[in-house]
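J.: Build me a model:
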Amino acid sequence: MNHPDPLLNRPDPPANHPDPPGEPELPFFVYGTLRPGEHNHDLFLRGRTRSEEPGRMGGLVLYAGPGYPYAVDGPGGSVLGEIVTARPGSYAELLAELDALEEYVPGDARSLYERVARDAVLADGVTVVRAWVYVAAPAVAARLRSGGTPIEHGDWRGARTSAPARREARGARAEG
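T.: Prediction:
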């Protein structure tokens, strides 16, 4: 059955896909359901990480989604989250699983997110760490900017989405 939103009418991404050669094994900056204490953290990250440290990533604005948030490029914005480093030997499998969770396929314009490398700052306010972060893909980001609900303080935990925000984000095929 076709969904009225074309972003929802796409085949499932492949379970395993090769990354472009030369991608570094970076930690992940997580800001939603992958944060410690959240549902997807327990499913995907528990027992598979070497470290999880609080941090903040600038240049992003957080938007409410249907049960999870989206980070969208935006000057002056800042998102609170954790910097998660995979245990040795588990990086490749974890990367593939997180890409599938976020419905990201490198080079596929139908992806809901893009995985990009950005600088994050640890809670000490000084230490900078380069990390992967999943940001809303261009089509999703445009919809959120035009009609989504921003989370002003950049902390999804402090602003669980309300029913109206979920409806707005769903219209954005806001997954995130």
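
J.: just for the protein, where's the confidence low?
T.: Within the chain, the segments meeting pLDDT under 70 span 1-22, 160-176.

J.: in stretch 139-148, what's buried?
T.: Across stretch 139-148, burial judged by 16 or more other C-beta atoms under 10 Å covers 139, 140, 141, 143, 144, 145, 148. C-beta coordinates here come from the backbone N, C-alpha and C atoms, glycine included.

J.: Which other helices and strands does the helix or strand hosting the fourth one contact?
T.: Going back to what we said before, that points to residue 143. Assigned by DSSP states H and E, residue 143 falls within helix 138-147. Contacts defined by 3 or more C-beta pairs under 8 Å, 6 or more residues apart in numbering; DSSP states H and E place helix 138-147 against strand 69-86, helix 163-171.

J.: Next, the angle helix 138-147 makes with the first one.
T.: Meaning strand 69-86. Orientation check (axes from the mean of the first three to the mean of the last three C-alpha atoms, to 10 degrees): strand 69-86 against helix 138-147 gives 130 degrees.

J.: What residues of the following helix or strand past strand 69-86 count as buried?
T.: Using DSSP H and E, the helix or strand that directly follows strand 69-86 along the chain is helix 91-101. For helix 91-101, a neighbour-count test (16+ other C-beta under 10 Å) marks 91, 94, 95, 96, 97, 98, 99, 100, 101 as buried.

J.: what bridges to the residue nearest to the spatial centre of the chain?
T.: In the chain, the residue lying closest to the centroid (C-alpha atoms, centre = their mean) is residue 134, at 3.5 Å. Here residue 134 shows beta-bridge partners residue 115, assigned using DSSP bridges.

J.: go on, residue 30?
T.: Going by DSSP bridges, residue 30 forms beta bridges with residue 82.

J.: and it, how many neighbours?
T.: 25 (other C-beta atoms under 10 Å).

J.: just checking, it touches residue 86?
T.: No - counting by C-beta atoms under 8 Å, residue 30 stays clear of residue 86, with 11.9 Å between them.

J.: Let me see the contact set for the residue nearest to residue 157 when sequence neighbours are not counted.
T.: Computed as C-beta to C-beta, 6 or more residues apart in numbering, the closest residue to residue 157 that is not its neighbour in sequence is residue 35, at 6.9 Å. Contacts for residue 35 were tallied using C-beta atoms under 8 Å, 6 or more residues apart in numbering; they are 41, 81, 82, 156, 157.
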